[in-house]
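> Mind folding the following:
(2 chains)
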Protein chains: 2
Amino acid sequence: MRDVAIIGAGMTDFGKFLDRNMKDLCREAVQGALDSAGLDKSKLQAAVVGNATAGLITGQEMIRGQVALRDMGIGGIPIINTENACASSSTAFHVAWTYVASGMYDVALAVGMEKLYHEDKTRSFKAIGSAVDIEWMEQMQEAAAAAKEAKAKDQDNPGVAEGAGEKRSMFMDFYAAFARSHMERYGTTKEQFARIAVKNHYHGSLNPHAQYREVYTLEDILTAPPVAEPLTRLMCSPIGDGAAAAVLVSPEIARQMTTKPVWVKASVLNSGFDRKPGEDDVTTVTAKQAYEQAGVGPEDLNVLEVHDASAPAELVLYEELGLCAKGEGGALIDSKATYFDGPKAVNPSGGLISKGHPIGATGVAQIYEIFSQLRGEAGDRQVKNPKLGLTENGGGMVKGDPAAVSVHIFAV
Amino acid sequence: MRDVAIIGAGMTDFGKFLDRNMKDLCREAVQGALDSAGLDKSKLQAAVVGNATAGLITGQEMIRGQVALRDMGIGGIPIINTENACASSSTAFHVAWTYVASGMYDVALAVGMEKLYHEDKTRSFKAIGSAVDIEWMEQMQEAAAAAKEAKAKDQDNPGVAEGAGEKRSMFMDFYAAFARSHMERYGTTKEQFARIAVKNHYHGSLNPHAQYREVYTLEDILTAPPVAEPLTRLMCSPIGDGAAAAVLVSPEIARQMTTKPVWVKASVLNSGFDRKPGEDDVTTVTAKQAYEQAGVGPEDLNVLEVHDASAPAELVLYEELGLCAKGEGGALIDSKATYFDGPKAVNPSGGLISKGHPIGATGVAQIYEIFSQLRGEAGDRQVKNPKLGLTENGGGMVKGDPAAVSVHIFAV
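Sure thing, here's the model as predicted:
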């Protein structure tokens, strides 16, 4: 296994683009990555493309990468389509990295792309719902319906899961339950979750690619429409469209092409497993594997992009990634240490909450942000002189665990 | 890059199993592969899973591998879902091979699985139709409708494309057009295509996993219901359900675990490209790359499994893979050289036509057959003492070229 460098990255704006198709989004992101690398498309030796929902939303299944890349004249190379729910394109990046790290290819492209918006919004929500074991989900829904019926007979029973049954992703119910459990166990407050959202919306306001660019107060976040207690709408990632791409190369090519390569120090993919009592969760395990592969610890990190599909997820990730001890995520956000100008910048891009979350694009878009930060090209949200960055991207759920978790560590 | 061995492979029967879900099919194939390897599932370090249509047929998108593998207690390892239409699981095998060849992991599982049968058969055909650029297909369909209207005004114009408009995969129209072009250019006959089908159905009759196990005469094939001239139904692969799996390991583990490893000598994945006039097609190019990687030529091969989605495809593959010169595919099948007891056995399993074609399962099922043949474990259809085998698996179509082609070469 040899070293691998990123020499170019590109992304589209994230947002609602009903008039743009996936080819169009892919083209902009890939051309952006090639331009940033100073590389002609004819030099690409392999491509790996992550997408999660095109099959269910547009009907384009199976060969999404070839359809989008051939449209811009890229072919005659291995093209692999990867799917791992919200971690689809960090998985694509991981496979592209494997290609280059193994010595098999010297130049590989990683792409993430997603069109979640559709005129028929129920199609979007149904597609997102396929990131779980759908047979298990049906059983859960039947059980929930039975419980609701039972509850209706007992009017003294307090209501839970506000908003349940609305036309939206079931995932926010899981995040909400997870958040309530953290509050109960560690005394974490709704305000602390809201402060994560205040920070990320502020960061998003500084990022021209972000879907939402408004600054919100703590009060704004807390009084936004409720989703599922303790989540309000401004604490949750929106659906959206977008694409991102990165060019990975061998050390020799990196030295030829740029004076500012960003090195991949660790690329670890993992999946949920049947845990013994007291055993670490899959995200904690994956982070430890990545720190070991990179030969660094969380104390060495300057900048992170993490999977804040909802604000509580980021707070809990502080703990799982070892930025603080278990139960101290609330204190860490209170300290403001994770603001982009703090000592441990988290989600300077605005994260999924504010930058947006076109799910198959998110993994490579996180890497785009770290690439930009480490090269000092992040504009108004630039972290001061960062040397070491991390991305954490989670995808799907099976038996209550993430189906996929990937952690990457990057250095200049 | 180090050597990689297969030490175990398993597959389900292929067929119509309305009462079995994908978890069930996956479990049988994976357990078969583990048993064949003499390996406990806890020893797996990575898994790559190919599937093409579950999203569109069952709604289970995104994390199909995790859903099926966790159900049998496999987790805590990287799980990658790959999609490349009919080449989805040879792509999975290629990624698993990359993992082991790179030295990153010592034991990797490759799985292909598909449930094409659904009570609503239009769902199956719609799913298969997503293996092309669907926007392009819509344009083609509009053009075809306009041409049909024009033709109706001119009764002297001879009819083409019998059966067009029926509820079936559009792919057979492409295969038929391709066959007619070969007939016109090289004088290939409909009988020669039919002889491919006679051979493969005969082979399938000897394979207990095959979906169809009937022996047919040339007359039977030619008089079967027409699909699109010159194809009859018995020249076309059916839809079906099934799964296949293989265990790939490092040389060290191969030597510990078995006296009969099957070595992967080449693993090449490619995609269609914009060709200059006279330039080789992507399948020919990919085969040449694989021969070079393995350091062998087509003359060295004893047994092949190739992508006979229709009988003409196999005949043309004889030429693209270099078993004979261009235009001599018809003479090669006439010589009976490609029967399982001939010098150059092709599709001893029965191929896609007779063994069946649950599309995401096909790639690894081809590898299962070569693994069985090279180990001398293929029963009634055993090729005599083969040393070198090849699999060719094609997937999808963009701009008239295969979207994905993979060629693997194996040796004992």
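> All the strands of chain A, residue numbers only.
A:4-11, A:46-50, A:79-83, A:107-115, A:226-228, A:231-232, A:241-249, A:262-270, A:303-305, A:345-346, A:388-398, A:401-411 (DSSP state E).
> With distance to chain B added, can I get these in JSON lines?
Backbone N, C-alpha and C define where each C-beta goes, glycine included. Output for the strands of chain A, formatted as JSON lines (distance: least, Cβ to the nearest Cβ, whole Å):
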{"stretch": "strand A:4-11", "distance to chain B": "11"}
{"stretch": "strand A:46-50", "distance to chain B": "8"}
{"stretch": "strand A:79-83", "distance to chain B": "4"}
{"stretch": "strand A:107-115", "distance to chain B": "11"}
{"stretch": "strand A:226-228", "distance to chain B": "22"}
{"stretch": "strand A:231-232", "distance to chain B": "22"}
{"stretch": "strand A:241-249", "distance to chain B": "14"}
{"stretch": "strand A:262-270", "distance to chain B": "4"}
{"stretch": "strand A:303-305", "distance to chain B": "20"}
{"stretch": "strand A:345-346", "distance to chain B": "25"}
{"stretch": "strand A:388-398", "distance to chain B": "4"}
{"stretch": "strand A:401-411", "distance to chain B": "4"}
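> what's the closest of those strands to A:Val95?
The closest of those to A:Val95 is strand A:46-50. By Cβ to Cβ, the value is 4.5 Å.
> First-to-last residue distance for stretch A:256-265?
20 Å (Cα to Cα, to the nearest Å).
> Check what pLDDT A:Asn185 gets.
You called it Asn, but residue A:185 is Arg. Reported pLDDT at A:Arg185 in the predicted model: 97.
> swap that for A:Ala164, please
The model's pLDDT for A:Ala164 equals 34.
> residues in contact with stretch A:134-143?
Under the contact criterion Cβ atoms under 8 Å, 6 or more residues apart in numbering or on different chains, stretch A:134-143 has outside partners A:129, A:170, A:398-399, B:21, B:23, B:58-60, B:67.
> Please apply the same query to stretch A:195-207.
Counting by Cβ under 8 Å, 6+ apart, A:210-218, A:221, A:234-235, A:308, A:311-312, A:314-315, A:333-334, A:336, A:338-340, A:346-351, A:353-355, A:379-381 sit against stretch A:195-207.
> Any chance of a markdown table for the strands of chain A, columns mean pLDDT and mean neighbour count?
Compiled in a markdown table, these are given as follows (pLDDT from 0 to 100; neighbours: other Cβ atoms under 10 Å in any protein chain shown):
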| stretch | mean pLDDT | mean neighbour count |
| --- | --- | --- |
| strand A:4-11 | 98 | 26 |
| strand A:46-50 | 98 | 31 |
| strand A:79-83 | 98 | 33 |
| strand A:107-115 | 98 | 31 |
| strand A:226-228 | 94 | 21 |
| strand A:231-232 | 97 | 24 |
| strand A:241-249 | 98 | 31 |
| strand A:262-270 | 98 | 23 |
| strand A:303-305 | 98 | 29 |
| strand A:345-346 | 98 | 28 |
| strand A:388-398 | 97 | 28 |
| strand A:401-411 | 97 | 27 |
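> Select, out of those, the one closest to A:Asp35.
When the strands of chain A are compared (using Cβ to Cβ), the closest one is strand A:4-11, at 7.0 Å.
> List the pairing partners of the closest one within its sheet, with orientation.
strand A:241-249 (antiparallel), strand A:262-270 (antiparallel) (DSSP bridges).
> What count of nearby residues applies to A:Glu138?
11 (other Cβ atoms under 10 Å in any protein chain shown).
> Over to A:Asp13?
18.
> Contact partners for it?
With Cβ under 8 Å, 6+ apart, A:Asp13 has these contacts: A:208-211, A:242.
> Show me which of the residues you listed are buried.
Among these, those classed as buried by neighbour count (16 or more other Cβ atoms under 10 Å in any protein chain shown) are A:209-211, A:242.
> Go through the contacts of stretch A:195-207 and flag which are in helices.
The helices, defined by DSSP state H, take in A:218, A:221, A:311-312, A:314-315, A:333-334, A:351, A:353-354 from those.
> In TSV: these, plus distance to chain B, pLDDT and neighbour count.
Shown next, in TSV, are the ones in helices among the contacts of stretch A:195-207 (distance: Cβ to the nearest Cβ, whole Å; pLDDT from 0 to 100; neighbours: other Cβ atoms under 10 Å in any protein chain shown):
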residue	distance to chain B	pLDDT	neighbour count
A:Leu218	35	98	12
A:Ile221	30	98	23
A:Ala311	23	98	32
A:Pro312	22	97	29
A:Glu314	22	98	28
A:Leu315	25	98	26
A:Ile333	30	98	27
A:Asp334	34	98	13
A:Gly351	21	98	33
A:Ile353	21	97	30
A:Ser354	24	98	31
